[in-house]
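*Asks:* Take a look and give me a structure for this.
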Amino acid sequence: MRTKVLGLGVISAVALIAVAMPALSAVRTSNGAHGTPSGKPATGMTGGMKATKTIRIVMHDPGCHWFSVNGKLKTRLSVNRPVALVNYDIATLKAVGPRGVKRTMIRHALGGKPVTFGPGSYTITMVGMPPDDNTLKLVVN
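*Replies:* I've put the predicted structure just below:
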């Protein structure tokens, strides 16, 4: 039975591995999660993705619920990137989008989290909505 690894004794080989592993680990972590020194994605890894924009849905009379964008209230909104909607309305909202996809947005004060919407057209209404409430229209390009 041979006890040498790369011309080193077994004890020396184990010691070399013990020293090398933390050094290799440090190199990996200093390169960030995506393999660059800054931790930012490497060139070409983003694929042209745009950052998600967060939009609030707020309660305001008349009409009950509205998109709140730069201090203005809107019932129709068109954006050119993914959107995360946060529900600050008093009730749960539902969204119906492409191919009948339904998403429920729980009131933020009750622990509801932002819901992200990708490309498509969405109709957003309040669950159990009275007929005089706003129906919100969202288009994500």
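
*Asks:* C-alpha only now, for contacts and for neighbours.
*Replies:* Fine.

*Asks:* Where does the prediction get shaky in the chain?
*Replies:* Applying pLDDT under 70 to the chain flags residues 1-49.

*Asks:* How is it divided into domains?
*Replies:* With domains defined by automatic domain parsing, the chain comprises 1-46, 53-140.

*Asks:* How about L77, nearest residue that isn't a chain neighbour?
*Replies:* The shortest distance from L77 to any non-neighbouring residue, by CA to CA, 6 or more residues apart in numbering, is to L138 (5.0 Å).

*Asks:* So that neighbour belongs to a helix, correct?
*Replies:* No - under DSSP: H, G, I helix; E, B strand; the rest coil, L138 sits outside any helix and is assigned strand.

*Asks:* close enough to count as contact, it and R81?
*Replies:* No - using CA atoms under 8 Å, L138 makes no contact with R81, being 11.8 Å away.

*Asks:* Looking at the two, which has the bigger crowd around it?
*Replies:* L138 (21 against 17; other CA atoms under 10 Å).

*Asks:* in the chain, which spans are strands?
*Replies:* 4-5, 8-9, 53-60, 64-69, 72-74, 76-79, 83-88, 93-96, 102-105, 115-117, 120-126, 136-140 (DSSP state E).

*Asks:* Give me the contacts around the fifth one.
*Replies:* Contacts of strand 72-74 with the rest of the structure, by CA atoms under 8 Å, 6 or more residues apart in numbering, involve 66-68.

*Asks:* Provide the strand pairings for that strand, with the direction of each partner.
*Replies:* strand 64-69 (antiparallel) (DSSP bridges).

*Asks:* Give me the buried positions along the strand it pairs with.
*Replies:* 64-68 (16 or more other CA atoms under 10 Å).

*Asks:* For the residues you listed, which two are the farthest from each other?
*Replies:* C64 and S68 (12.2 Å; CA to CA).

*Asks:* shared neighbours, those two?
*Replies:* Counting by CA under 8 Å, 6+ apart, the residues touching both C64 and S68 are V58.

*Asks:* closest to D132 among the contacts of strand 72-74?
*Replies:* Using CA to CA, the contacts of strand 72-74 come closest to D132 at W66, 13.2 Å.
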